[in-house]
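Asks: Quick one: sequence and predicted model below, then my questions.
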Amino acid sequence: MKTNYVLIISGQFQYGVASNFLQELAIELGRLNYEVLWFPLSAEQSHEQHLLHLYNLIANKNIKFIFGINGLGLDYVSCLDALNQLPCFSWLLDHPVHHYQRFAAHKTWLKLLCVDQSHVNWLTRLGFDAEQFLHATKVRSLAPRPATDVGILFPASYFDETAQISALHAAHPKLLELLMDPAVDSLPTLLSVLRFGEKGGVLEADANTLNFLRLADLFLRGRNRNQLVHDFAEAGIQLAIAGRGWNEVGASSHLILRSMTWQELKQLFSRSQFVLHDHPGFSAGLHERLLTSLAAGTAVLTRHNSFLEQQFSPAEGVYGFHQASELLQLGLDEHKPEQIAQSEALLRHSWSCRANQLLQLVGKEHSDSAELVMR
């Protein structure tokens, strides 16, 4: 019986937590009888060296599909005839504008997987083949939790949104005014106002516009994050903030922790009563911090979000609020860690579920290809 292989593009270009995602997905694919071929990208290797490595790696292998993150490695895969006819998936862990120039040239054969439905909608309007593929987490029996010695953990670094203003002005001075409107609170909202990608829309996906949108996303995230910290201080609710830069900006009413690795943060989730989640423009999607907190049995506080409220109830560990002061009135001490970590809602977002979803997409791509050949 032939071994089925999946080629996974990995490498040092991906931010730390992404490597963890690939490892977890690879484990689940292995349980579904797929063997992983790892194609690591390295800044120390030339284009030719990468291609030679890839050519030797795939020789005589029955590769069924290709999987990568954030558009990385597509230029290598597309060069080889043995690969560029296979189903190829790139999972975009952030808004597509941040990686657009990596995947734009591969529109005809690439399937883009998105962590938010608004990302799917935007890419579809631009003519890409895109589908929702939400973040996931490892779901298992809850180990004995350490003593809770952190109240409300906020895992986020400080970002000075005003530092982006001069660059935003240089990219598109007329559009900068839009960002000053409090109603424009996320990149999807800005794109909707601009009708970007729609017929009669005001912008095209040129390099200057993409640069403006990337900067605008950072600006809006920074503004929202800083406002959230301010609102909790105004409500008299102390946060334990784990991230860079807060000591320099005088967030003195909060407890400032050091910046931590992803592995350290996961341990801190288990020691926290709550994790405050600031969804970075994912109004119709999930984020790894939220899911990992729930898997640790720790409840999550987040601004009201209809998508999240459809996915998780307060009994399943997600509490929504409009104003930070509302939290003072809620009975937040009643949640049960074991119930949160083993909820049916969380099980729907396990790596096992994602691996099965991916193989369903692979099957569909192979079926569509066979249908085209028959015509």
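Replies: Perfect, I can see it now.

Asks: my guess is Cys79 meets Leu51, correct?
Replies: Yes: assessed by CB atoms under 8 Å, Cys79 is found in contact with Leu51 at 6.1 Å. C-beta here means a position set from N, CA and C on the backbone, and glycine is covered the same way.

Asks: domains for this protein, by residue range?
Replies: Domain assignment of the chain by automatic domain parsing yields the ranges 4-136+350-374, 150-347.

Asks: Span of the longest one from start to end?
Replies: Looking at domain 150-347, the gap from its leading to its trailing residue is 26 Å under the measure CA to CA, to the nearest Å.

Asks: just to revisit the earlier point, among the domains of the chain, which one carries the weakest average confidence?
Replies: Between these, the lowest average pLDDT goes to domain 150-347, which shows a mean of 88.

Asks: hang on, the earlier thing: out of the domains of the chain, which is closest to Ala143?
Replies: Closest approach to Ala143 among these is made by domain 150-347 (8.3 Å; CB to CB).

Asks: Please compute how far that closest one lies from its chain's middle.
Replies: Relative to its parent chain, domain 150-347 has a centroid offset of 12 Å by CA atoms, centre = their mean, to the nearest Å.

Asks: Helices of the stretch 201-350 of the chain, residue ranges please.
Replies: Secondary structure of the stretch 201-350 of the chain (DSSP state H, counting those that start in this stretch): helices located at 207-234, 262-270, 288-295, 306-311, 337-341, 344-347.

Asks: How many residues are close by Val36?
Replies: For Val36, the count of nearby residues is 18 (other CB atoms under 10 Å).

Asks: How about it: what's its closest non-neighbour residue?
Replies: Nearest non-adjacent residue to Val36, counting by CB to CB, 6 or more residues apart in numbering: Ala26, 4.6 Å away.

Asks: pretty sure that neighbour is touching Leu32, no?
Replies: No: counting by CB under 8 Å, Ala26 does not reach Leu32; the two are 10.8 Å apart.

Asks: Those two: which has the busier surroundings?
Replies: Neighbours of Ala26 and Leu32, each counted by other CB under 10 Å, are more numerous for Ala26; the result is 19 against 13.

Asks: hang on, that one in a strand?
Replies: No: under the criterion used here (DSSP: H, G, I helix; E, B strand; the rest coil), Ala26 is helix, not part of a strand.

Asks: Quick check: it vs Arg354, distance?
Replies: Distance, Ala26 to Arg354, by CB to CB, to the nearest Å: 12 Å.

Asks: And for Val6?
Replies: Distance, Val6 to Arg354, by CB to CB: 13 Å.

Asks: now swap in Ser253 and tell me
Replies: Using CB to CB, Ser253 is found at 39 Å from Arg354.

Asks: If you count surrounding residues, which of those two has more?
Replies: Arg354 (22 against 14).

Asks: What strand or helix carries that one?
Replies: Secondary structure assigned from DSSP states H and E places Arg354 in helix 351-374.

Asks: And the contacts of stretch 17-35?
Replies: By CB atoms under 8 Å, 6 or more residues apart in numbering, the residues outside stretch 17-35 that reach it are 3-6, 8, 10, 14, 36, 64, 67, 69-70, 91, 93, 136, 138, 262, 288, 351-352, 354-356, 358-359.

Asks: Then stretch 352-367?
Replies: Residues from elsewhere that reach stretch 352-367 (CB under 8 Å, 6+ apart): 25, 28-29, 31-32, 34, 64-65, 67, 87, 89, 111, 113, 131, 133-134, 136, 347.

Asks: Mind listing what's buried along it?
Replies: For stretch 352-367, burial by neighbour count (16 or more other CB atoms under 10 Å) applies to 352, 354-355, 357-359, 361-362, 365.

Asks: Break down this protein into its strands, ranges please.
Replies: According to DSSP state E, the chain carries its strands in the segments 4-11, 34-41, 63-69, 88-92, 110-114, 129-132, 150-155, 240-242, 255-257, 272-277, 299-303, 318-321.

Asks: right, and the ones you listed - which one's nearest Tyr55?
Replies: Per CB to CB, nearest to Tyr55 of the strands of the chain: strand 34-41, 10.7 Å.

Asks: ok, so of the buried residues of stretch 352-367, who is nearest Leu168?
Replies: Nearest to Leu168 among these, with distances taken as CB to CB, is Arg354, at 35.6 Å.
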